[in-house]
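Undergrad: quick one: sequence and predicted model below, then my questions.
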Amino acid sequence: MKRFVVLLFLVCIAISLAFAQEEASTEASSGNVSIWKYFAAALAVGISCIAGGVAVGQIGSAAMGAMSENPELSGKALPYAGLAEGICLWGFLVALLILVL
């Protein structure tokens, strides 16, 4: 799992640097600002999605264990999984704001 995360991180860096080089060649006056903009957006999405996946995995396993003992708890566990998935959406919104502004 750790190798997959490191590989995914390196792929995100490579893609963001490729896009940054393309934009840097079209906008010579902006300097290295565009490189860091894409890098920060990739980090915002990547880290938030990894954290959201870990959180949903832990919440889901705990919810399944609780529902096996008491099936009435299914309605109470579902909002917690939704909150954990919201972490990914916030990371995407932050990345979108970084790229637009």
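TA: Everything's here; your move.
Undergrad: so which elements touch the one helix or strand A95 maps to?
TA: Assessed by DSSP states H and E, A95 sits inside helix 74-100. When contacts are defined as 3 or more CB pairs under 8 Å, 6 or more residues apart in numbering; DSSP states H and E, helix 74-100 packs onto helix 33-69. (Glycine included, C-beta is placed from N, CA and C.)
Undergrad: could you pull up the mean pLDDT of the helix it packs on?
TA: For helix 33-69, the mean pLDDT works out to 87.
Undergrad: do stretch 84-93 as well
TA: 90.
Undergrad: find the centremost residue of the chain, please.
TA: In the chain, the residue lying closest to the centroid (CA atoms, centre = their mean) is C49, at 2.7 Å.
Undergrad: quick check: that one vs V6, distance?
TA: C49 is 15 Å from V6, where distance means CB to CB, to the nearest Å.
Undergrad: likewise for W90?
TA: 24 Å.
Undergrad: and if you look at Q58?
TA: Taking CB to CB, one finds Q58 at 21 Å from V6.
Undergrad: kindly report the same for Y80.
TA: Look at Y80 and V6: by CB to CB, they are 29 Å apart.
Undergrad: contacts only, for A95.
TA: A40, A41, A42, A44, V45 (CB atoms under 8 Å, 6 or more residues apart in numbering).
Undergrad: hmm, try it at 7 Å
TA: A95 makes contact with A41, A44, V45, according to CB atoms under 7 Å, 6 or more residues apart in numbering.
Undergrad: could you do W90 as well?
TA: Each residue near W90 by CB under 7 Å, 6+ apart is listed here: S48.
Undergrad: please report the distance of it from L83.
TA: Between W90 and L83 the computed distance is 11 Å (CB to CB).
Undergrad: ok, now A42?
TA: For A42, the distance to L83 - CB to CB - is 24 Å.
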